[in-house]
Structure formats: C-alpha cells, structure tokens
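output the structure for:
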Amino acid sequence: MQDTTQGGLMSQTQEASFVQKILSPLPGILLLTSVAVFSWFITPKLIGLHPFMKSLNLSDFIIAIIIGMIICNTVGIHPLFKDGLKFSTTLTKTGIVVMGCKYSFAGLVKTGSEAIIIIAVFLFSSAIILMWLSRRLGMSPSLGACLAAGLSICGVSACVAIAPAVRAKNEDIAYTIAVVLMFGLLALFVFPFIGRWFDLSANQFGAFAGVGIVNSAQVLAAGFAFSNDAGVVAGVYNIGRVICLPLVVLMLAIMVAAEDAGVQSQLANTSKMRIIIDKFPVFVLGFIAVVLLNTFGFLSKPEARMAGHFMNWCFLLGFSSIGLTTHLRDIRAAGFSGAFIGFCVASVKAALALIVVLTFLK
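Purely as a prediction, here's the structure:
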C-alpha cells in the first residue's frame, strides 16, 4: 500500500514537473510577442512623423531590437520571463529555413557561388590576421581565437562554437561578445545609411551586410532594414558564413594548439572530421530543402507569399527576443582596448567589403 502511495506521489510530481516545463516559457513568449506586434504597429507611424524619421531607414526589425533593449536595460526582465526568451536563435533559424521559398535552385547557385567565394576570402583572411594581431598585443591564445572567430565568422555563435575547442575562459567569451555587440549595434544604423549613400542595389547591400556585419541576427536586421530583397540576399551570405564555421573553428584550434599544450592534447584525441560534423549548421539543410520544393513547383505563389509573411514574423519575434536579452553592461565588459580592437578590425573588414561589392557585384 505504501509503495502504491509513493508511486502515485512520484507520478503526480512528474506530471507537475512536465506541466511546469511546458508552461514556464509562456510569459516570455507573450512578452516578446507583445514587443514584436507593437514594433510592427508603431514603425509606419514613426516613419510618417517627420522626413528625418524616414531618413533613419527604420524597420520594424530594428525597432523591435531597440524596444527590447530599452525594456531590458531600464525596468529589467523578471526571471519569470527568461525561459521564454531563449528561443531567439530557434526563431531566426526557422526564418532562414523558410527564406528558401524566395529562391529557385538556379538563383541560389548564382547568389550562393558569389557569396561562398567572397565569404571564404574574408573569413579565413580576417581570422588569420586577428590571430596574428592578438599575439602582437599579448593576448592569450584562447582569447585571440574567440575574437578571431567572433569578428570573422558569425559573431556570438562563432565565439560559443570555438570556446570548447580552445579551452576558452568565461571572461574570454564575455569579452568577445561585448566587442561583437558594440560593433553590431552601431552597424544596424550605419550600414543602411552607407548603402543609400553609395546607391547600392539590393544584391550589393545584401553582400555588404553579409560580409561586413559580424553577428548573424544583425546581418539579417540590417539587410531587411534596407529592403526585403537585400535581407534575403544577406540571409544567403549569412548561410555561407555558417557553412564555413566548422572549417574556421578547426583552423583556429590548430593555430591555438601550436601555443597551448592543453589544446594540443585535446585536439590530438579528437577526430578532425568529428569537429566539422559537430559544428555543421543542420538548419542549412532545411533551407536547401525548401529551395528545392520551390524549384520543383511544390509551393504555389499564394503558399510562397504566406511563407514569406511567416518568415518575417519569425525574424521579428527573434529580434524582439534578442533585444530583450541584450544587456548594455555586457558591452561595457570589453573596455577601451576591446572596443579599439573590435572597431578597428571590423571597420577595416566592412570597408574592404564595400570596395569588393562596388567593384565586382552588380
């Protein structure tokens, strides 16, 4: 009888835990949804207030990030909401997968071939230069690798991906994220201005943002702030970057292993192919699958339009979550030296990207 009672209590506890697990993200999801809907509603009204507001090239994506940051850094985010704010990456990746409905296979090959060539040159060269620069400045190899990954590939995601491979400390990760966020937030506003100043086409600006901005979410936000077509092109360039992520992680791990015996031992006991497989972005396969569906006519025009609206809302919800989890105190963690290194390297990379797109892309 006692065993039966205990079993019943355990079953009730498990059920309560399961229900709590299901319900705990709801407050956060409601909060980010409220920010997204409000941003979508208020953006046209802000743009219509004054010609100056229109000249700022504001989009609901950028407004969502700004509103989220204001909430996060003023009244703060209660712990009740935090479980629901962990889906920013899932939402943006879902948007990228659905973005495949904007491409046919032929269009993807054309844009993607340009993207891979430009991305590969910029990624590997900037990563190598950053590793060299970090040594000259006396940084630890692990911090140098985190900065090289974060500022050359795809920002925060790349930093988190490289950290275990080079045995990075928490301070190294925080430092790199701060540098990435500082430049990325500025780029959200500056890049669209530059694009309009140089009269860039959607294809050119998408490439410019995809190469010049370091954080994936900010690449997409800046791209869509310029135009919907530019956002789609920027998304393809962003995919090109994350495809290269495993190879750059492996390269940086080998470079750090030459200076750190612990990393050398860890790398010797790990299959190089395993590193590439573990770091490969699986969501890219989903994007290609949707492209193929669209290419072979499985998506009608009304369905493609609905998918496009769904994509926009995935990005808007994801960017709202990013804004609500961006703490300015984290940005201050990099200090003056971090800001100097980050802005110098990222600005040079952005300037070179602009020269390349003006010279080689129509």
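
output the below-cut-off pLDDT ranges for the chain.
1-21, 50, 52-57, 260-277, 330-339 (pLDDT under 70).

next secondary structure after whichever strand or helix holds L108?
For L108, the enclosing helix or strand under DSSP states H and E is helix 105-136. Next helix or strand after helix 105-136 toward the C-terminus (DSSP H and E): helix 141-152.

how far does that following helix sit from its chain's centre?
With CA atoms, centre = their mean, to the nearest Å as the basis, helix 141-152 stands 16 Å off its chain's centre.

now do that helix and helix 105-136, the angle between them.
150 degrees (axes from the mean of the first three to the mean of the last three CA atoms, to 10 degrees).

beyond helix 141-152, next helix or strand please.
Next along from helix 141-152, by DSSP H and E: helix 156-162.

and the helix or strand that that next one is followed by, which residues are buried?
Next along the chain after helix 156-162, taking DSSP H and E as the criterion, comes helix 170-197. By neighbour count on 16 or more other CB atoms under 10 Å, the buried set for helix 170-197 is 172-173, 175-185, 187-188, 190-192, 194-195. (Each C-beta comes from the backbone N, C-alpha and C, glycine too.)

please name every helix or strand in contact with helix 170-197.
helix 60-73, helix 141-152, helix 156-162, helix 202-212, helix 216-226, helix 328-332, helix 335-360 (3 or more CB pairs under 8 Å, 6 or more residues apart in numbering; DSSP states H and E).

indicate which one of those is closest to A168.
Evaluated over those, closeness to A168 peaks at helix 141-152, with 4.2 Å, by CB to CB.

just want the most central residue of this structure.
Central residue of the chain (CA atoms, centre = their mean): S216, 2.3 Å from the mean position.

name the nearest residue to that one, sequence neighbours excluded.
Once flanking residues are discounted, S216 sits nearest to C154: 4.6 Å by CB to CB, 6 or more residues apart in numbering.

burial of that neighbour, as a residue count?
Using other CB atoms under 10 Å, the number of residues around C154 comes to 26.

same question, P141
P141, neighbours per other CB under 10 Å, totals 22.

wait, the residue nearest to the centre of the chain touches N238, no?
Yes. The pair S216 and N238 passes the contact test of CB atoms under 8 Å, sitting 5.3 Å apart.

give me the common contacts of the two.
Counting by CB atoms under 8 Å, 6 or more residues apart in numbering, the shared contacts of S216 and N238 are C154.

what's the angle from the helix holding L108 to helix 335-360?
Using the same axes, to 10 degrees: helix 105-136 against helix 335-360 is 140 degrees.

who does helix 105-136 touch, helix- and strand-wise?
Using 3+ CB pairs under 8 Å, 6+ apart: helix 105-136 touches helix 141-152, helix 202-212, helix 228-257, helix 283-295, helix 335-360.

on that earlier part again, can I get the helices and strands packed on helix 170-197 in TSV including distance to P281?
TSV is the format used below for those (distance: least, CB to CB, whole Å):
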stretch	distance to P281
helix 60-73	21
helix 141-152	14
helix 156-162	9
helix 202-212	15
helix 216-226	10
helix 328-332	24
helix 335-360	21
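
out of these, which is closest to M251?
helix 141-152 (9.3 Å).

sorry, back to before: how far off centre is the helix holding L108?
Per CA atoms, centre = their mean, the centroid offset for helix 105-136 relative to its chain is 16 Å.

identify each buried residue in it, please.
Within helix 105-136, the residues scored as buried using 16+ other CB under 10 Å are 108, 111-112, 114-116, 118-120, 122-124, 126-131, 133-134.

what's the helix or strand for L299?
Using DSSP H and E, no helix or strand contains L299.

likewise I22?
helix 2-23.

let me know the next secondary structure element after that helix.
Moving toward the C-terminus from helix 2-23, the next helix or strand (DSSP H and E) is helix 26-47.
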